[in-house]
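*Asks:* my questions concern the predicted model and sequence given below.
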Amino acid sequence: MLDINGLWMTILSLFTGLFAYIAHEKFAELSRITILLNKTREEIARDNVTNGEVERITDHIDQRFNKLEAKIDQLISQKG
């Protein structure tokens, strides 16, 4: 029969093993989540446009509207 010291050592060993297993699982899950977060950040950065691109597109649209406005003004002046 086990004495109290042997029983205590068995309980501590089981607890330590269980704790190590749980800690390993949690760190593996944390690593997986970190990888997913980094992939998400890359996808968001890829899908978003930069301020320079927005300005370039806005300038292009402004130029097109200015041309259209000039043509409308020309038509109005020809009718008058």
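*Replies:* Done, it's in.

*Asks:* downstream of the lengthiest helix in the chain, the next helix or strand is which one?
*Replies:* Scanning the chain for the helix with the most residues, using DSSP state H, yields helix 4-47. Sequence order places helix 51-79 as the next helix or strand after helix 4-47, per DSSP states H and E.

*Asks:* what about that next one, average pLDDT?
*Replies:* For helix 51-79, mean pLDDT rounds to 92.

*Asks:* can you offset everything so residue one is 46?
*Replies:* Happy to do that; since the first residue is 46 now, the last one works out to helix 96-124.

*Asks:* next one: it to chain centre, how far?
*Replies:* Computed by CA atoms, centre = their mean, to the nearest Å, the chain-centroid distance of helix 96-124 equals 37 Å.

*Asks:* what does stretch 114-125 give?
*Replies:* Distance, stretch centre to chain centre, for stretch 114-125: 50 Å (CA atoms, centre = their mean).

*Asks:* what's the burial count for E87?
*Replies:* Counted by other CB atoms under 10 Å, the residues lying close to E87 total 10. For glycine as for every other residue, the C-beta is placed from the backbone atoms N, C-alpha and C.

*Asks:* contacts only, for it.
*Replies:* With contact set as CB atoms under 8 Å, 6 or more residues apart in numbering, E87 has no partners.

*Asks:* one step back: so how far is the longest helix of the chain from its chain's centroid?
*Replies:* Taking mean C-alpha positions (CA atoms, centre = their mean), helix 49-92 and its chain are 23 Å apart.
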